[in-house]
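> The sequence and its predicted three-dimensional model are supplied below.
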Amino acid sequence: MAHARRQPRNVGRILLTIFAGLVFAFLMVPLLVVFPISVSSASYLQFPPPGFSWQWYQRYLDDPTWIEATIRSFKVAILCTVLSMGLGVPLSFALVRSRLRGMRIADRLVAAPIIVPNIIISIAIYSLFAKLQLIGVWYGIAVAHTILALPFVVILVSAGLRTFDEAQEQAAMGLGASWPVAVWRITLPQLRPSLISAAFLAFVTSFDELVIAMFLSGASMTLPKKMFDNIMLEIDPTIAAVSVLQIFLACICLGIATLFGRGVVPGTAGR
């Protein structure tokens with residue numbers, strides 16, 4: 001009887017593994033095209049490439065417009081991450097710990113930017129930012145990106161708080177620590193995986209966002225906007241080289257998040 005029950009579970013696990021492998025392969029197949037094109041010796045998008053050359057990476061590095069757009073995207077993403085974490089972490093504490101009425105509604109409202117299409121959010125933000133004269137400035141784009149990144153921060157940090165044993169804070173306060181000190185020394189270190197993951201998602205959400213940048217960037221293009229214009233106006237393998245660099249950046253960020261986002265052992269967080 002036990003063997004008969006175990007067999008369907010094993011079959012289901014095998015099927016799930018096969019399905020996950022197929023999805024992963026489907027997502028990775030474009031890399032087999034993009035990466036060879038990025039090192040192509042051809043003067044246009046051609047696959048398979050006729051030869052090997054680093055010319056398109058060199059062209060990206062030598063082009064001031066590409067570098068300026070990349071630096072601007074980093075500035076926007078970093079500021080967006082700081083704002084998202086600065087607003088999202090306290091908001092997560094309020095949503096999880098507060099006993100006030102209406103917090104469930106507030107929790108749903110925080111997730112609204114995930115549900116509402118970006119084009120609608122972009123139009124609304126554009127009408128507001130035009131009055132505030134924030135069109136074409138990089139920090140205006142960062143503020144707008146914060147609206148999109150904030151739900152990810154709140155969801156991840158709130159999930160960590162719901163699994164955290166609040167009695168540890170109470171024990172720290174019973175030993176003489178104030179609540180802010182207890183949160184800083186006890187709670188936040190044990191929420192490190194959630195905090196690192198939230199910051200990573202906020203950064204990537206901002207760095208890769210295009211629709212809002214199309215409305216707000218003006219002449220000050222971000223990297224996704226520059227890539228979009230390159231595809232529309234001048235198609236060459238430089239776009240493939242930039243795409244590969246973006247993929248490497250995402251892998252580096254994911255590696256850093258994995259390395260520094262490991263959980264801490266309870267009882268050592270306050271040391």
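Yes, it's here.
> Low-confidence bits of the stretch 151-271 of the chain, can you list those?
Using pLDDT under 70 as the threshold, the predicted model of the stretch 151-271 of the chain has low-confidence ranges 260-271.
> just the helices in the stretch 51-200 of the chain please.
Counting by DSSP state H, counting those that start in this stretch, the stretch 51-200 of the chain has these helices, from start to end: 55-62, 64-97, 103-110, 112-115, 118-132, 138-162, 167-174, 179-182, 188-190, 192-207.
> Check the gap between the spatially most central residue of the chain and residue 245 for me.
Within the chain, one residue has its C-alpha closest to the average C-alpha position: by C-alpha atoms, centre = their mean, that is residue 201, at 2.4 Å. For residue 201, the distance to residue 245 equals 20 Å [C-beta to C-beta, to the nearest Å]. Every C-beta, even on glycine, is put in place using the N, C-alpha and C of the backbone.
> Equivalent analysis for residue 90, please.
Distance of residue 90 to residue 245, computed by C-beta to C-beta: 35 Å.
> Comparing those two, which shows the higher neighbour count?
Neighbour comparison, residue 90 and residue 245: the larger count goes to residue 245, with 16 against 11 (by other C-beta atoms under 10 Å).
> ok, now which ones touch the residue nearest to the centre of the chain?
Residue 201 makes contact with 149, 152, 153, 156, according to C-beta atoms under 8 Å, 6 or more residues apart in numbering.
> Pull the most distant pair out of these.
Within these, 149 and 156 form the most distant pair, 11.0 Å apart (C-beta to C-beta).
> Neighbour count: those two, which is higher?
Per other C-beta under 10 Å, whichever of residue 149 and residue 156 has more neighbours is residue 149, with 28 against 23.
> Residue 77 contacts residue 199, doesn't it?
No. Counting by C-beta atoms under 8 Å, residue 77 sits too far from residue 199 to count as a contact (10.5 Å).
> So what touches stretch 53-60?
Counting by C-beta under 8 Å, 6+ apart, stretch 53-60 makes contact with 38-41, 66-67, 236-238, 240-242, 245, all of which sit outside it.
> Of these, just the buried ones, ChimeraX syntax please.
Written as a ChimeraX command, the selection of buried residues from these, which uses 16 or more other C-beta atoms under 10 Å, is:
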select :38,39,40,66,236,237,238,240,241,242,245
